[in-house]
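# below: sequence and its predicted model.
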Amino acid sequence: MKLFVKQVMLFERKCVTLHKNLFVMGKSNRFMSRTGKRELANKLMDFFIVNSERDFNVADLCDELGLKNRSYRAVVTDLLDDLVMCEYLSETSGGRYRLALQRDLLEGVVTKRGGDISFLPDGADEPIFLGETDCGTALDGDRVAANVVFNPKFNRKEAYVVSVLKRAKDTFVGVLEVDRRFAFLETTDRYLPYDIFIPKAEIGEARNGDKVVVKIVEWPSKNNRSPVGKIIDVLGAKGDNNVEMHAILAEFGLPYSYPENLEKLADRISDKISQSEIASREDFRSVTTFTIDPRDAKDFDDALSIRNLDNGQWEVGVHIADVTHYLKEGSPIDQEAYRRATSVYLVDRTIPMLPERLCNYVCSLRPDEEKLTYSVVFNMKESGEVVDSRIVRTVIKSDRRFTYEEVQAVLEQNGEASPEDLAAPGFHPDRVSLGPDGLPVGEYAQQLIVLNRLAKKLKAERMKNGAIEFQREEVRFEIDEKGHPTGTYVKVSQDAHKLVEEFMLLANKYVAQKIGMVERGHKAKVFPYRIHDVPDVDKLNRLAHFVGRFGYRIETLGSKKEISRSINAMLHNVEGKREQNLVEDITLRSMMKARYSTHNIGHYGLMFKYYTHFTSPIRRYPDQMVHRLLTRYLNGGRSVNQLKCEEQCEHSSAMEQLAANAERASIKYKQVEYMADKIGCEFEGKVSGLTEFCIYVELADSKCEGAVPLRTIHSDYYAYDERNMCVRGRRTHRAINLGDPVVVRVESANLEKRQLDFELIEIKGYKQNSKKR
């Protein structure tokens, strides 16, 4: 009954709008004035609300409303038709009418983007307009029950929220502002448009100015616009590096510490390997094996082995830490690993998915230690062709722990590095001649050179098949002992990185093929794939229009391979141009996001029909799922429940996205922190983004990005030209385009909002008039 009353109230709220709209649509009838029709419409709608359980014909309604004159019948009929068209009434059999309340409310999600609010019902493709006054206390991402009616004035459906079913968030991070009798949490979270009231009894030991985590216990209502919360964790004084990094993790609902009881459980896990376990595995301890990782890495979850076979082929082993040997499914540590789903990488720290003992010691493929691994072993020709492969559980003993820089130096010394690597800024060792024994110079140089050559041939084959390659620059920071950024540098993928990447891609592909490729007439067993859908047609057309402004062209029609090849050609042509990073960034945004699913559609970016994640079980939970199912299926086990596996895939994809958002937030925070002591300094940069209110500029040296509000550009009144993707001066008609080189001055650095503000000084040699408008 309560739900029904709410629905009636929703219709009452829209009566005024409907009254106005009825006469836009209604037939002409001179018997009554416009005012008289409106009054009669009021009576009709009020009558149906009071008698919502009954239906009436025209004669009944005229009798009930006391309309004795026969001329009223035509007017009432017209109004009833209009009310049916507005979906206010429904017409039943025999020309009878009743209130068209939707008894089964639609469930869906509220989305707020800028000033636009919409409601997306479950299973629908198109969102429905939601007015600001009609969304109640629902916020962005909330799951709600809503009613939908048709508004003929705007020729569209409109939604009205009846109740909030599930909040997207209920915990928030912010700065505590304490008064004598109460406190407020000031948060910059865009989800929450107001501060949170905290009663005095819930303040505890928190102090004014502390960063705290607050859980909302009472949401806003008509009588109380501010939500009420309680403090669940005090992070510490704002500005402290640890506090700020923990605040970023808490903001995205990610853990910032590992449960102590699980650390203790992990400490009990033995790293001893029994002789019986070794005997049950293929032994690679005497085969040349090494790891290649970043300088600061501790969790080595993959290694490569290589040896020359008698038939002239090369045997390459991709060995992956056998985490699931130690981590039993359903155990407390496994449950925590699933909850986290991924390790999180912030600027200055890693928040691991597994307890430290497992990820850095027991499972980590450390040098000169016997380790259990899950391996994909390939027999390869020097042409890069895979002749044979097998998936086996193995035991290895790594001979060397390489860093990427060490491997890159070996390749460059022996003349094996790519020309673009040698052209990159930074130190490059001189090329040396062969050693006295006629062999390449450096530890395991011969093996590294062979692997590098094979990797390049594997990549060439991928690119030939239409794989898309992005040369993305990643900003990294030099951090002091207090966590303060002292400098920035750009990480570029070189041959050493690509060597490892190609063999990991190969292993992931072959594992997916092993399970996914079945004979015709047979059904593949349930398996988690890493999928990447083809680009959305609209996004592809917008990308073609955007790159066309720079003189580039891509195909938007044709086969997947034809489109991807045209994108690759465009990315190749843009290399070295001033707009390179911008075009690559926009192109990447036009792609669909890769995700995990049991429904295999292939991987468009890699152009693989079958692909999964097998190679990083220390830091990704889906890789552990793959290991367990691979073992089950190779031993003849039956297929698992698809719904449960798909649920695990969706959870892992969502957590991966949260981790990526947290990483970006930490980078943005460090960028702002790095620029905070450079207020008033001028820097060169380029326009990296445009909106209705500002232009974004990326600085050339540090890659830090900040905003220039359009209102602060004093030489002209600039407005956003969406069609031509620029901002244009109204008086001078001068355009500021994406990629334009500029000079800016740092105006402010707001750490709380992670926001940099710049002042525009110069555009392409055109000096900005410093006189304010």
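Great, that's in hand. Numbering: from 1, shown residues only.
# can you point out the buried residues in stretch 140-152?
Buried residues in stretch 140-152, counted by 16 or more other Cβ atoms under 10 Å: Asp140, Asp142, Val144, Ala145, Ala146, Asn147, Val148, Val149, Phe150, Asn151, Pro152. C-beta here means a position set from N, CA and C on the backbone, and glycine is covered the same way.
# any chance of the residues you listed in a markdown table with distance to Ala409 and secondary structure as columns?
Output for the buried residues of stretch 140-152, formatted as a markdown table (distance: Cβ to Cβ, whole Å; DSSP: H, G, I helix; E, B strand; the rest coil):
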| residue | distance to Ala409 | secondary structure |
| --- | --- | --- |
| Asp140 | 49 | coil |
| Asp142 | 54 | coil |
| Val144 | 58 | strand |
| Ala145 | 62 | strand |
| Ala146 | 61 | strand |
| Asn147 | 67 | strand |
| Val148 | 64 | strand |
| Val149 | 69 | strand |
| Phe150 | 69 | strand |
| Asn151 | 68 | strand |
| Pro152 | 72 | coil |
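# among those, which one sits closest to Glu722?
Closest approach between those and Glu722, by Cβ to Cβ: Asp140, at 23.1 Å.
# excluding chain neighbours, what is closest to the closest one?
Lys112 (4.0 Å; Cβ to Cβ, 6 or more residues apart in numbering).
# quick one: mean pLDDT over the helix or strand encompassing Leu411.
Using DSSP states H and E, Leu411 falls within helix 404-413. Mean pLDDT, helix 404-413: 94.
# residues contacting it, please?
Contact partners of helix 404-413, identified using Cβ atoms under 8 Å, 6 or more residues apart in numbering, comprise 292-295, 417, 421-422, 428-432, 440-445, 448-449, 452, 494-497, 499.
# residue boundaries of the helices in the stretch 401-550 of the chain?
Ranges of helices in the stretch 401-550 of the chain, per DSSP state H, counting those that start in this stretch, are 404-413, 419-423, 445-464, 495-516, 537-548.
# reformat these as a markdown table; add mean neighbour count and distance to Lys703.
Listed next are these as a markdown table, based on neighbours: other Cβ atoms under 10 Å; distance: least, Cβ to Cβ, whole Å:
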| stretch | mean neighbour count | distance to Lys703 |
| --- | --- | --- |
| helix 404-413 | 21 | 20 |
| helix 419-423 | 12 | 19 |
| helix 445-464 | 19 | 26 |
| helix 495-516 | 22 | 19 |
| helix 537-548 | 16 | 21 |
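# which residue is nearest the middle of this protein?
Gln657 (3.9 Å; Cα atoms, centre = their mean).
# so that residue, which state does it fall into?
Using DSSP: H, G, I helix; E, B strand; the rest coil, the structure places Gln657 in helix.
# for the helices of the stretch 401-550 of the chain, give me a markdown table that also has distance to Gln580.
Shown next, in a markdown table, are the helices of the stretch 401-550 of the chain (distance: least, Cβ to Cβ, whole Å):
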| stretch | distance to Gln580 |
| --- | --- |
| helix 404-413 | 22 |
| helix 419-423 | 13 |
| helix 445-464 | 18 |
| helix 495-516 | 19 |
| helix 537-548 | 12 |
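# what's the closest of the ones you listed to Ala707?
Counting by Cβ to Cβ, Ala707 lies closest to helix 537-548 out of those; the figure is 20.7 Å.
# quick one: the closest one to chain centroid distance?
Here helix 537-548 is found 21 Å from its chain centre; the criterion is Cα atoms, centre = their mean, to the nearest Å.
# buried sites along stretch 688-696?
For stretch 688-696, using 16+ other Cβ under 10 Å, the buried residues are Ser688, Leu690, Cys694, Ile695, Tyr696.
# and for the nearest residue to the residue nearest to the centre of the chain once chain neighbours are set aside, the neighbour number?
Using Cβ to Cβ, 6+ apart and skipping residues adjacent in sequence, the residue nearest Gln657 is Lys593, 7.6 Å away. By other Cβ atoms under 10 Å, the residues close to Lys593 number 10.
# backbone phi and psi for Lys593, please?
Backbone dihedrals for Lys593, given as degrees, to the nearest 10, come out at phi -80, psi 140.
# what does the one 10 residues further on give?
The phi/psi pair for His603 (degrees, to the nearest 10) reads phi -120, psi 110.
# any idea how far Ile196 is from it?
For His603, the distance to Ile196 (Cβ to Cβ, to the nearest Å) stands at 43 Å.
# re earlier: measure the residue nearest to Asp140 to Ala168 for me?
Distance from Lys112 to Ala168, by Cβ to Cβ: 11 Å.
# which residues do the two both contact?
Contact criterion Cβ under 8 Å, 6+ apart; residues shared by Lys112 and Ala168: Leu139, Asp140.
# neighbour-wise, which of these two wins?
Remark: of Lys112 and Ala168, Lys112 carries more neighbours, 19 against 14, as counted by other Cβ under 10 Å.
# determine the set of other helices and strands touching the helix or strand harbouring that one.
Lys112 belongs to strand 106-113 when assigned by DSSP H and E. With contacts defined as 3 or more Cβ pairs under 8 Å, 6 or more residues apart in numbering; DSSP states H and E, strand 106-113 has these neighbours: strand 116-121, strand 143-151, strand 156-166.
# quick one, that strand and strand 143-151 angle?
Angle, strand 106-113 to strand 143-151, by axes from the mean of the first three to the mean of the last three Cα atoms, to 10 degrees: 90 degrees.
# if you count neighbours, what's buried in strand 106-113?
Buried residues in strand 106-113 (16+ other Cβ under 10 Å): Leu106, Gly108, Val109, Val110, Lys112.
# stretch 637-647 now?
Applying a neighbour-count criterion of 16+ other Cβ under 10 Å, one finds Val640, Cys645, Glu646 buried in stretch 637-647.
# ok so, going back, could the helices and strands packed on strand 106-113 go into a markdown table alongside distance to Met85 and mean pLDDT?
Listed next are these as a markdown table, based on distance: least, Cβ to Cβ, whole Å; pLDDT from 0 to 100:
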| stretch | distance to Met85 | mean pLDDT |
| --- | --- | --- |
| strand 116-121 | 21 | 88 |
| strand 143-151 | 7 | 82 |
| strand 156-166 | 13 | 85 |
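# next, format those as a markdown table and append distance to Thr350.
Below are the helices and strands packed on strand 106-113 laid out as a markdown table (distance: least, Cβ to Cβ, whole Å):
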| stretch | distance to Thr350 |
| --- | --- |
| strand 116-121 | 35 |
| strand 143-151 | 33 |
| strand 156-166 | 31 |
